[in-house]
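have a look at this prediction, sequence included:
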Amino acid sequence: MKKNIAILMGGYSSEFDISIKSGNVVYKHLDKDKYLPFRVHITKEAWFYVDEEGNHHPIDKNDFSLTINESKIIFDAAFNIVHGTPGEDGLLQAYFELIGIPQTACDFYPAALTFNKRDCISTLRPYGILTATNYFLNEGDHVDPEAILEIVGLPCFVKANKAGSSYGVSKVKKIEELQPAIDIAFKEDDEIIIESFLSGTEVSVGVITYKGEDIVLPITEIVSENEFFDYEAKYLGKSQEITPARLSKEDTEKVKKLALKVYQLLKMKGFSRSEYIFHNGEPHFVEMNTNPGFSEASILPQQAIAAGISLQELLTNTIEECITK
């Protein structure tokens, strides 16, 4: 008997449209011989199933069920591909744990931890994980540009603490650019992180749970045409994404070992994609994505295919992993 799978997409953040695209790719490649997929849009106003004709059918949030033609549908699992809140910050994970429906992303606490860039790097540092030099700022705090730049230097990056897809990120080259960059970041979040610039090769490393084991996928090298791997570089073709990365065998093994360690330290499961920059010859952790982009051109699907794993196999494995555990 086919399992009913809710594909969760959308969300409450600036990443809504990207998540819809990712969800539709999951829908396209899901094994229809094994599963009955339902595209479920998550919005601030409502949660609803979108049928083939584009009609909206409300989800009952009391038990995450769906009623069509007086027939109640219960889901066997939720495929969580919501980028940003509430799918990547632990809120949906906690909800599904409470009502007892398996979902494909990591558990609620690792999701909340990794979504908060400041908390994530603070957790990893005691384990010897290298990062940029950071300065934390909350909305309403006094801003002293000279004091900030004395710590992080120039150039530096100003980022929204809890946002993805490079929303709210600016590269600052002059002291006069700092306050405008802070203002941009505060439009996305009430917490920001200001980081020193790390020069070097940037790589993206996918680590997934596959057939019961944590595995590192082929590494992708990021070569941005812009100042950094921003929204245009990620989604509008302004970058080269080279898989496998042009790293030495030694550096490849170094970053693979580190990415696996980070995945396990943070108690990840399912998909993950973490970013590293080789600065002064050593990989420095930048951030972790627990629901990374899943368009056919996105990095994680590219890496899976390079590893000989089809998208259908990847999706089937992810669903079965979450159901059995």
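Nice, I can see it.

check which helix or strand covers residue 109.
Secondary structure assigned from DSSP states H and E places residue 109 in helix 108-115.

helices or strands next to the next helix or strand after that helix in the packing?
Sequence order places helix 117-124 as the next helix or strand after helix 108-115, per DSSP H and E. Helix 117-124 is packed against helix 108-115, strand 134-138, strand 191-196, helix 249-265, strand 282-289, with contacts defined by 3 or more C-beta pairs under 8 Å, 6 or more residues apart in numbering; DSSP states H and E. In this view, the C-beta of every residue, glycine as well, is placed from N, C-alpha and C.

repeat that with 10 Å
helix 108-115, strand 134-138, strand 156-160, strand 191-196, helix 249-265, strand 282-289 (3 or more C-beta pairs under 10 Å, 6 or more residues apart in numbering; DSSP states H and E).

so that helix versus strand 191-196, what angle?
60 degrees (axes from the mean of the first three to the mean of the last three C-alpha atoms, to 10 degrees).

re earlier: okay, the helices and strands packed on helix 117-124 in CSV with distance to residue 24 next?
Converted to CSV, the helices and strands packed on helix 117-124 look like this (distance: least, C-beta to C-beta, whole Å):
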stretch, distance to residue 24
helix 108-115, 23
strand 134-138, 36
strand 156-160, 26
strand 191-196, 32
helix 249-265, 27
strand 282-289, 19
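
buried deepest among the ones you listed, which one?
strand 156-160 (a mean of 25; mean count of other C-beta atoms under 10 Å).

now whatever helix or strand comes next after it: buried residues?
Using DSSP H and E, the helix or strand that follows strand 156-160 towards the C-terminus is strand 170-172. Under the neighbour-count criterion of 16 or more other C-beta atoms under 10 Å, strand 170-172 has 170, 172 buried.

tell me which helix or strand comes right after strand 170-172.
helix 178-186.

could I have that following helix exported to CSV, CA atoms only?
What follows is helix 178-186, C-alpha atoms only, in CSV (Å, rounded to 0.1, in the frame of the first residue of the first chain):
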residue,chain,number,x,y,z
LEU,A,178,29.0,49.4,8.2
GLN,A,179,25.9,51.2,9.5
PRO,A,180,23.9,50.8,6.2
ALA,A,181,24.9,47.1,6.2
ILE,A,182,23.7,46.7,9.8
ASP,A,183,20.4,48.4,8.8
ILE,A,184,19.9,45.9,5.9
ALA,A,185,20.6,42.9,8.2
PHE,A,186,18.1,44.1,10.8
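
pull out the buried positions in that helix.
178, 181, 182, 184, 185, 186.

same question, stretch 305-312
For stretch 305-312, by 16+ other C-beta under 10 Å, it's 305, 307, 309, 311.

may I have the phi/psi pair for the last one?
Translated: residue 311. Per-residue torsions, residue 311: phi -60, psi -40 (degrees, to the nearest 10).

give me the contacts around stretch 241-252.
Stretch 241-252 is contacted from outside by 201-206, 216-224, 229, 233-234, 253-256, 278, 281-283, 297-299, 302-303, 305-307, using C-beta atoms under 10 Å, 6 or more residues apart in numbering.

still on that earlier bit, make CSV from the buried residues of stretch 305-312 and add secondary structure and distance to residue 29 to it.
Shown next, in CSV, are the buried residues of stretch 305-312 (DSSP: H, G, I helix; E, B strand; the rest coil; distance: C-beta to C-beta, whole Å):
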residue, secondary structure, distance to residue 29
305, helix, 11
307, coil, 16
309, coil, 12
311, helix, 4
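
where does pLDDT dip in this protein?
Residues of the chain that meet the criterion pLDDT under 70 lie in 164-167, 225-238.

top strand in it by residue count?
strand 201-210 (DSSP state E).

ok and it relative to helix 249-265, angle-wise?
50 degrees.

parallel or antiparallel, list what pairs with the next helix or strand after strand 201-210.
Going down the chain from strand 201-210, the next helix or strand is strand 213-216, by DSSP H and E. Paired strands of strand 213-216, with direction, are strand 201-210 (antiparallel) (DSSP bridges).

just want the angle from the strand it pairs with to strand 282-289.
50 degrees.

quick one: the residue located most distally from the centre of the chain from residue 51, how far?
Distance from the centre of the chain peaks at residue 70, with 36.9 Å (C-alpha atoms, centre = their mean). Distance of residue 70 to residue 51, computed by C-beta to C-beta, to the nearest Å: 16 Å.

find the nearest non-adjacent residue to the residue nearest the centre of the chain, please.
Residue closest to the mean C-alpha point of the chain, counted by C-alpha atoms, centre = their mean, is residue 289 at 2.8 Å. Closest residue to residue 289 apart from its sequence neighbours, by C-beta to C-beta, 6 or more residues apart in numbering: residue 273 at 4.7 Å.

check contacts around the one you found.
204-208, 217, 220, 259, 287-293, 298-300, 303.

which of those residues are buried? Put it as a PyMOL command.
Command for PyMOL that selects the buried part of those, burial taken from 16+ other C-beta under 10 Å:
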select buried, resi 204+205+206+207+208+217+220+259+287+288+289+290+291+292+293+298+299+300+303
